[in-house]
Each structure stands twice: as C-alpha cells, then as structure tokens.
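Enquirer: the amino acid sequence is not available; the structure is as follows:
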DNA sequence: AAAAAAGTAAGTGTAAACCCTTATATTGAA
DNA sequence: TTCAATATAAGGGTTTACACTTACTTTTTT
C-alpha cells in the first residue's frame, strides 16, 4: 500500500471541507495538499502548481458555479492520470453515470463512513478506480473501454433545444409562450414536448419537471 | 461566555457528523457529548440519559426516516429549554420557517464556515436563539410570542386532502385518476387543483411539482 | 352564539396539453 | 457517400387542465 497519498479536497460546504481535512489529519498516510470550495479555484490551483504531485481528488458534485462534473471533465482532460472520486449526497444512477463519463474513477455518498472513504482512496491509488455496489466493475470497464470524455455536457439524451424547452416548462411557460421565446411555432414546441415525454418516460409535465430536477437541468 | 458547552450532533451523513466532531475537538470549550445519524437514536438517547446536561443540539434537517423537523418538535416538547440549531444545505425560507415552528432556535447552512457555527452555538447559549440574515430577530420573536409548536406537521397552508392531491399530481396522475383513488368526483379534484394553484402561487402543475419539492411534500 | 373564513363538492366553458401522423433537414454510421 | 436515424417543423383530433361560478359544510374568530 502506498505510504503517502497526496489528496485534494473540493467541496463548497465548508463544514464538509473542513471536517474532512480534520478527519484525514488522523490518517498520517494521507496528506491533504490543497482544499477548495469550487471548481474554478481547483482548476487555477492545478495550473499554478503543475509540478506538485497529486494522487487523488475528492470532488463534491453538487456545487454552485462550476460543478463537480464540469470540473472533473476539465481536470481529466489536462491530467488523464488524475484519479478523481465523486462525492455526493445523492444515490442517483444518472448522476453516477454522468460522473464516470466525465472521467471520474469512483463515486461515494456522504452518508458513508470515513473508513469507506479511506478505503476508496487507497483502492483508487492501487487499482486506478473504486468499485462498489453502486459502481460495479463492469460499469467502470465500460467507460474505460470507450475512452469516453465526449459529449459529457449532454447529460441527458435530450437535445439542446429540448433542454431549453424543458427549462421553460419548469418556469410554468405554456407552449405558446415557449414558441414566442424560441421563435418557433406553437405546434413545433408541442412536437418537441411529445419527444421529451417519450425520452423522459413521462406522462405529463409533472414527470418532465421531476426529470429536470433529477438530471439537474434546473436547480431547486 | 459559558466555558463548557455540552453539544449533541445529529446528522445522517457520517462524513459531516464525524467531521464536525473532529472540528469541535479543536475547541475545548465545546464538548460533544453524543452524536447520532437519525432522529430515533437521539430521542431514545435523551430518554435514557435524562440526567445528562445538554446545552445545544446541532440538528441536520434533511434526514431519512424521522427528519430534523419532526425530531426537533418532539425534543422541544419534552425539553422546552433545549436549544436546537438547524443545519441544512438549503437556504429555503419555507424550510427555515418550518424549523422555527418546530421549536428551533436558529438555522445554519452547511456552506458556512465552522467559525460561524461556533458563533451560533455560543450565541444560542447566551441569548437562547441565533440571529442572522436569514433568521432576523423579528422572525424569532414572532415564533416565541406565539408559543408555537402546534400544527407543525402541516408544513404548508395546504389541507391534508390537498397535500394528497399534490402528491398524486407529482406521480403524473390525471384528475380522473386522482378522483378514482380518493373516491371523489373528477370535478371536486379539479376544484382542489384550483385552490392548490392559488395557494402555491402556481400557473400550472409544473409550479405545483416544484412547490412540492421545495416544501418536501415529496422526496426526490 | 353568530359571523366570517375556509374546506369540500360540482357545474360550464376555454385553452392548453397530449397523441398521432407527415415532411424536410441534419447528423452519424456503414 | 449513401443509408439510416434523429432533429426540426407543423398539421388535425382528443383529452386534460385551468378559470370562473355556485352551493353547502366545517372550522375558526369575534
């Protein structure tokens, strides 16, 4: 087992960020070399500290501004060997898949014990990824094989136009209003709605709104 | 300032719970006497340890099972002098009001720095409540004056019937389907929908779904 | 105890949402 | 580069949702 693991922590919640730092202080083989509250700060830190060795990044996923997905995608593009573990409150398959697509090597929940997090860090250093019930080996392997990192911003199977329409539906706009905003005919908006219902497996706009929240097309 | 503050921590996210414990270890005037992951455990701990002095409880609000609101309501009923501070990721006025209604003495966000949390704990011990931008003195005073704790489960201004209908709308049920489920006429369900739209300030069911999420009438 | 307010129930009418089909443009894969 | 798949665009027809109104009942306030 690697004796001195260099770790970077990213979490917008200071409580979590500072608490984690303290927790790792009790584990001498893991050294927190940097901690940040947002994606922008980590990206610039990595730019300014290219020489510094970093083994693992613990990346919060839900953050305002540049979120954990986007940050992970940018970082893995620049540093393909960087092992980034996602940290989230949500046990949501769409979130996990999206994170792995962005180049993540594992996914942890905040409900999990610190010992599991330590395990994940050690495993990701040794094997390159962290496998558990939520993230089976097959899934990781699938993403590694495909050499993904492409189209990651398209978090859903919806087109950009459809995503815009979903967001406007969530703002309680009618098809006519959406048509006026996007310079389309009301009928075109309605045919997009049809496709959206089909793709999101919804029966009506209630389902669309819930889908938008689960896939973070809107924030609450 | 009180020299030795006895603190209880409640948070389902082990990372936060254990991290906070470590953070408080560095502040000798605050002693963590108990920590729990859920409402049930705290309630039983208080029952079994009636003699033990507890000054402040830091209570996570979003927890599975018995949440922070319910737990706070039950605890303040049994121990009216207990100072419970709410801890949440969400800066949501409906959440704050509901928490104060349940007997909470302050509301903190997880993004806030540990120093602010320490301040809150000290202030709540000295003054009995914690005031900040989100929770102005007037609001706290309002709840203290009214000697609230009543009807707290009615988190919104919706009636039970209307809440049921909202939940069914979120399950993509039509008015006819809701009528069949609740043994009402379709027309009655529709008149409830009207009232719901009015009360929730919504234009259509998209607004109702978002309201339901923000007021935790459904979980995502 | 009376008055006011709000819940429950239900009707009519209109507008919007949803369902299905067709046509063209664009993109992606063989 | 041609074929296939999908996005975009838009139509008709049906169902559902929403707006407004009335009536009776229950709850709350004075």
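Expert: Ah, there it is. The shown structure was predicted, so the numbers you read here are calculated from the model rather than taken from an experiment. Numbers count the residues shown, from 1 in each chain, chains lettered A, B, ... in the order given.
Enquirer: helix/strand/coil for the residue of chain A found nearest chain B?
Expert: Relative to chain B, the nearest point of chain A is residue A:19 (1.8 Å; CB to the nearest CB). All C-beta atoms are positioned from the backbone trio N, CA, C, and that covers glycine. On the three-state scheme (DSSP: H, G, I helix; E, B strand; the rest coil), residue A:19 is labelled helix.
Enquirer: care to break chain A down by domain?
Expert: Structurally, chain A divides into domains by automatic domain parsing as follows: A:5-145, A:160-214.
Enquirer: and the first one, how far out from the chain middle?
Expert: Averaged C-alpha coordinates place domain A:5-145 at 10 Å from its chain's average position (CA atoms, centre = their mean, to the nearest Å).
Enquirer: now swap in the last one and tell me
Expert: Per CA atoms, centre = their mean, the displacement of domain A:160-214 from the mean C-alpha position of its chain is 24 Å.
Enquirer: before we move on, back to that, give me the neighbour count for the closest residue to the residue of chain A closest to chain B other than its chain neighbours.
Expert: Counting by CB to CB, 6 or more residues apart in numbering or on different chains, the nearest residue to residue A:19 once its immediate chain neighbours are dropped is residue B:19, at 1.8 Å. Burial measure for residue B:19: 26 neighbouring residues, criterion other CB atoms under 10 Å in any protein chain shown.
Enquirer: show me what contacts residue A:42?
Expert: The contact partners of residue A:42, by CB atoms under 8 Å, 6 or more residues apart in numbering or on different chains, come to A:8, A:10, A:34, A:36, A:57, A:71, A:75.
Enquirer: in which helix or strand does it reside?
Expert: Under DSSP states H and E, the secondary-structure element containing residue A:42 is helix A:39-48.
Enquirer: then residue A:34?
Expert: Secondary structure assigned from DSSP H and E places residue A:34 in strand A:30-36.
Enquirer: residue A:202 now?
Expert: Under the criterion of DSSP H and E, residue A:202 resides outside all helices and strands.
Enquirer: hang on, isn't it packed against residue A:195?
Expert: No - at 11.2 Å, residue A:202 and residue A:195 do not qualify as touching, with contact defined as CB atoms under 8 Å.
Enquirer: buried residues of the helix holding residue A:42, list them for me.
Expert: Neighbour-count burial for helix A:39-48, with 16 or more other CB atoms under 10 Å in any protein chain shown as criterion, is recorded at A:39, A:41-43, A:45-46.
Enquirer: quick one: work out the angle between it and strand A:30-36.
Expert: Relative orientation of helix A:39-48 versus strand A:30-36 (axes from the mean of the first three to the mean of the last three CA atoms, to 10 degrees): 120 degrees.
Enquirer: beyond the helix or strand of chain A with the lowest mean pLDDT, next helix or strand please.
Expert: Scoring the helices and strands of chain A by mean pLDDT, DSSP states H and E places helix A:137-145 at the bottom, with a mean of 60. On the C-terminal side of helix A:137-145, the nearest following helix or strand under DSSP H and E is helix A:160-170.
Enquirer: quick one: contacts of that next one?
Expert: With CB under 8 Å, 6+ apart as the test, helix A:160-170 has contacts from A:154, A:156, A:158, A:177-178, A:181-182, A:189, A:192-193, A:195-196, A:199, A:205, A:208-209, A:211-212, A:217-218, B:206, B:210.
Enquirer: before we move on, what's the pLDDT of the residue nearest the centre of chain A?
Expert: Nearest to the mean C-alpha position of chain A, by CA atoms, centre = their mean, lies residue A:69 at 3.3 Å. Confidence per residue is given as pLDDT, and for residue A:69 that number is 88.
Enquirer: so what does the host helix or strand of it touch, helix or strand wise?
Expert: With elements taken from DSSP H and E, the one containing residue A:69 is helix A:68-78. Using 3 or more CB pairs under 8 Å, 6 or more residues apart in numbering or on different chains; DSSP states H and E, the elements in contact with helix A:68-78 are helix A:39-48, strand A:56-60, strand A:83-88, helix A:93-101.
Enquirer: to what extent is residue A:165 buried, counted in neighbours?
Expert: Taking other CB under 10 Å as the neighbour definition, residue A:165 ends up with a count of 27.
Enquirer: ok, now residue A:171?
Expert: Residue A:171 sits with 14 neighbouring residues when counted by other CB under 10 Å.
Enquirer: same question, residue A:109
Expert: Residues near residue A:109, counting by other CB under 10 Å, number 18.
Enquirer: same deal with residue A:183?
Expert: Neighbours around residue A:183, by other CB under 10 Å: 7.
Enquirer: and it, what are its phi and psi?
Expert: Comment: the main-chain dihedrals of residue A:183 come out as phi 50, psi 50, following degrees, to the nearest 10.
Enquirer: how much space between residue A:113 and residue B:14?
Expert: Distance check for residue A:113 against residue B:14: by CB to CB, to the nearest Å, it reads 5 Å.
Enquirer: looking at these two, which one has more neighbours?
Expert: When residue A:113 is set against residue B:14 and neighbours are counted by other CB under 10 Å, the residue ahead is residue B:14, at 20 against 12.
Enquirer: does residue A:201 really touch residue A:208, like I thought?
Expert: No - if you go by CB under 8 Å, residue A:201 and residue A:208 don't touch, sitting 10.1 Å apart.
Enquirer: more neighbours: which of the two?
Expert: For the pair residue A:201 and residue A:208, the greater number of neighbours falls to residue A:208 (25 against 9), based on other CB under 10 Å.
Enquirer: quick one: what helix or strand has the more buried one in it?
Expert: When elements are assigned from DSSP H and E, residue A:208 belongs to helix A:205-214.
Enquirer: give the other helices and strands that that helix contacts.
Expert: By contact count (3+ CB pairs under 8 Å, 6+ apart), the secondary structure elements abutting helix A:205-214 are helix A:160-170, helix A:186-200, helix B:160-170, helix B:205-214.
Enquirer: quick check, the second one touching DNA strand D?
Expert: Yes - on the criterion CB under 7 Å from any atom of the strand, helix A:186-200 is in touch with DNA strand D at A:187-188, A:190-192, A:194-195.
Enquirer: compute the inter-axis angle for that helix and helix A:160-170.
Expert: Angular relation of helix A:186-200 and helix A:160-170 on a 0 to 180 degree scale: 90 degrees, by the same axes, to 10 degrees.
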